[in-house]
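>>> Let's see this in three dimensions:
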Amino acid sequence: MTSLRYTVNLDAADRHLAEVTLRFSPPGDTADVTMPAWCPGSYLIRDYARFVRDLRAANEAGAALPVHKTDKSTWRIETGGAREVSVTYTLYGHDLTVRTNHVDGTHAFLHGPATFLYPAALRGAPVEVAIRAPAGWTLATGMRWEESLPATVTAANIDELCDQPIHAGHGAVTRQLAVPAKVPTRLVIWGDRSPGGVFTETRLAEDLGAIVDDHIARMGGDIPFPHYTFVLMLSHEAYGGLEHRASSINLYHPHFAASRKAYEGLLELLSHELFHAWNGKRIAPKPLLDFDYSREAYTPCLWVMEGLTSHYDRFALRTSGRVTAKSFLDKVLDDWARLMATPGRAKQSLEQSSFDAWIKLYKPDESNVNTTVSYYLKGGLAMFALDLQIRRRTEGARTLDDVLRLLWTRYGARGEAHPDDLQPVFEEATGLSLGEVFDRVIRGTDDPDLAEELRHVGLELRTSADPAQVADGASAVWLGATVSGNKLTGVLDGGPAQAAGLSPGDELIAIDGFRTAGEAEIRNLAGARKAGDEVAVSVFRRHRLVTTPLVLAAAPPTRYEIAGIADAGPAAARYQAWLGEPHPGAAVLATITTTARWV
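Residues are numbered from 1 along each chain as shown. A predicted model of the protein is given here:
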């Protein structure tokens, strides 16, 4: 089979440009070259062809060949009998995300689907890429362990190339740290870290080593990659990650050392993307193993890929000893509070959320909070609760780890797709009948049984109103809206604001004639009243003043706690077996208030 030979030239990186040349032997008198429209792991049509400019084609003698577009992402070349065709084009890359290219005078992050045109008929052909970069730059990619440039890297085919991002950066702002793990692992950091803080980059590499080894142990010691590369790009207010088969691309803010919470958030992100090397890249349904880059790939199983991973990304921080049990439960409680603040959880199941990711999760609008639920958020909590249920019902003989390992040995390790219906696999791995939880929580819209399962490990989930927002002797009330300043950003189903006819975009300027210049004044004016009171709300809507009556209602809980049960009995032993430390007695382990999420 003919090979695909690319050259990437980064001489114009300071202008956010990368020049790419592709050479191949055409299969006939015409050859179609195409650019992917989306990338695995991020379920949105992104139309990467929009970044292509100045495309031209030539034969082996350098003579120009006719080229015309046949659709938004495909170019047809009239080969004229040429033995070899070269296609040269320029990419503009100035969008710093984990799924688009970013090229400047200090580095180039090249995301495969956004970078490499390929002949549609030669998707399975072997690939080599020669990379030319400015002096002083080094290379990081899952395709090659050595960091020197210029370099040539290889991939088995286009799919592997698209799943092996390339990062090249100048040594002044790019550093590489060895991660002490059971498999060769490195951490490549681009961007300046803000000064100060007790959490160093060396500490980060050491902690990552423990997390890598914990994931490997959980998967029975199987390591599906010869080496692994974490690329971490630091930028103000940045956050995100994207998994690949032997690497991950991660974005985080440069202040990660400023607090334990920020640092542990970074660890959780990196743990999440690493875990996907098993669950998501290899344990996956057929639509995400055999897909068309030009169109959506629908599956009801993203709750498995992201829910399992969202549970284990933080659980691994605890089992590897990187965080305390208290910190682990803090993270769980924060997710629970966010789920409770999502009315859409009663409208959409995890399977439906997975299937509609292309038009819902990745295309949010003002109504999403009422109609959708995140398969990351609910999926992670569902797996958390299911793990506790499995431990309880098998008296500790089985855990969710057994499900994970069966998914791996039967499907992921063999390169085979798992079925859409995974209930039988979960039941086989645990020896339990799990129809009820699948019907209610996975296929249905019930909440995970968090309170019940926590009780069986000697913990209590408590809910109440935030005392700071409630006058003495009063009960909390709400309007049932989300705001930014005094502008309504969302109106929650079944709430007073919806009943009063308020809409997202309304500018709330007064309650009972008193000005509301911002969120604090809205809270103060509403909080002094009681449920059932009618107030007059004045809003500007499309520059017209509208005043309407609104009946305040009792607010949902805004304060959540996880606390130990004083006399836990046998549950104390289950707690220790689960989290690896003695039961805390009656201590409060985690507290969160969610008042700021709505008024």
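>>> Now do the residue nearest to L422 when sequence neighbours are not counted: how many residues are near it, please.
By the measure of Cβ to Cβ, 6 or more residues apart in numbering, the closest residue to L422 outside its immediate chain neighbours is V304, 6.2 Å from it. Bear in mind the C-beta positions are built from the backbone N, C-alpha and C, glycine included. A total of 29 residues lie near V304 under the criterion other Cβ atoms under 10 Å.
>>> can you give me the helices in the stretch 301-450 of the chain?
For the stretch 301-450 of the chain, helices defined by DSSP state H, counting those that start in this stretch occupy the ranges 302, 309-319, 325-340, 350-355, 368-371, 377-393, 400-410, 423-430, 435-437, 450-455.
>>> Including distance to T138 and mean pLDDT, could these go into CSV?
Below are those laid out as CSV (distance: least, Cβ to Cβ, whole Å; pLDDT from 0 to 100):
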stretch, distance to T138, mean pLDDT
helix 302, 35, 98
helix 309-319, 28, 98
helix 325-340, 35, 96
helix 350-355, 39, 98
helix 368-371, 42, 94
helix 377-393, 36, 98
helix 400-410, 34, 98
helix 423-430, 43, 98
helix 435-437, 49, 98
helix 450-455, 46, 97
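>>> and of the ones you listed, who's closest to S503?
S503 sits nearest to helix 368-371 of all those, at 12.6 Å, using Cβ to Cβ.
>>> What residues sit buried inside the closest one?
N368, V369, N370 (16 or more other Cβ atoms under 10 Å).
>>> which phi and psi does W190 have?
Here is the backbone geometry of W190 (degrees, to the nearest 10): phi -120, psi 140.
>>> Reformat the helices of the stretch 301-450 of the chain as CSV; add distance to G480.
Formatted as CSV, the helices of the stretch 301-450 of the chain follow (distance: least, Cβ to Cβ, whole Å):
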stretch, distance to G480
helix 302, 29
helix 309-319, 28
helix 325-340, 14
helix 350-355, 23
helix 368-371, 11
helix 377-393, 21
helix 400-410, 36
helix 423-430, 36
helix 435-437, 30
helix 450-455, 24
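>>> Of the ones you listed, give the one that comes closest to R193.
Here helix 309-319 is closest among those (Cβ to Cβ), at 20.7 Å.
>>> Now do the closest one against helix 377-393: the angle between them, please.
Interaxial angle, helix 309-319 versus helix 377-393 (axes from the mean of the first three to the mean of the last three Cα atoms, to 10 degrees): 60 degrees.
>>> I'd guessed V537 sits against L552; true?
No - here V537 does not reach L552: they are 10.2 Å apart, not a contact under Cβ atoms under 8 Å.
>>> quick one: which of these two has more around it?
For V537 versus L552, neighbours defined as other Cβ under 10 Å are more numerous around V537 (25 against 20).
>>> pLDDT at that one, what is it?
Reported pLDDT at V537 in the predicted model: 97.
>>> So it belongs to a strand, correct?
Yes - counting by DSSP: H, G, I helix; E, B strand; the rest coil, V537 is part of a strand.
>>> Just list the residues touching it, thanks.
Residues in contact with V537 (Cβ atoms under 8 Å, 6 or more residues apart in numbering) are L479, A500, L502, L508, A510, I511, T547, T548, P549, L550.
>>> Output stretch 306-317 as PDB, restricted to C-alpha atoms.
The C-alpha coordinates for stretch 306-317 follow below in PDB (Å, rounded to 0.1, in the frame of the first residue of the first chain):
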ATOM      1  CA  GLU A 306     -17.300   9.600  31.000                       C
ATOM      2  CA  GLY A 307     -19.300   8.400  34.000                       C
ATOM      3  CA  LEU A 308     -16.900   5.600  34.900                       C
ATOM      4  CA  THR A 309     -14.000   7.900  34.200                       C
ATOM      5  CA  SER A 310     -15.500  10.800  36.300                       C
ATOM      6  CA  HIS A 311     -15.800   8.400  39.200                       C
ATOM      7  CA  TYR A 312     -12.300   6.900  38.900                       C
ATOM      8  CA  ASP A 313     -10.500  10.200  38.200                       C
ATOM      9  CA  ARG A 314     -11.100  11.300  41.800                       C
ATOM     10  CA  PHE A 315     -11.300   7.900  43.400                       C
ATOM     11  CA  ALA A 316      -7.800   7.200  42.100                       C
ATOM     12  CA  LEU A 317      -6.600  10.300  43.900                       C
END
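>>> Next, count neighbours for L65.
Applying other Cβ under 10 Å, we find 18 residues neighbouring L65.
>>> buried stuff in stretch 387-397?
For stretch 387-397, a neighbour-count test (16+ other Cβ under 10 Å) marks D387, L388, Q389, I390, R391, R392, R393 as buried.
>>> now those in a markdown table, with distance to G490?
Listed next are these as a markdown table, based on distance: Cβ to Cβ, whole Å:
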| residue | distance to G490 |
| --- | --- |
| D387 | 32 |
| L388 | 32 |
| Q389 | 33 |
| I390 | 36 |
| R391 | 38 |
| R392 | 37 |
| R393 | 39 |
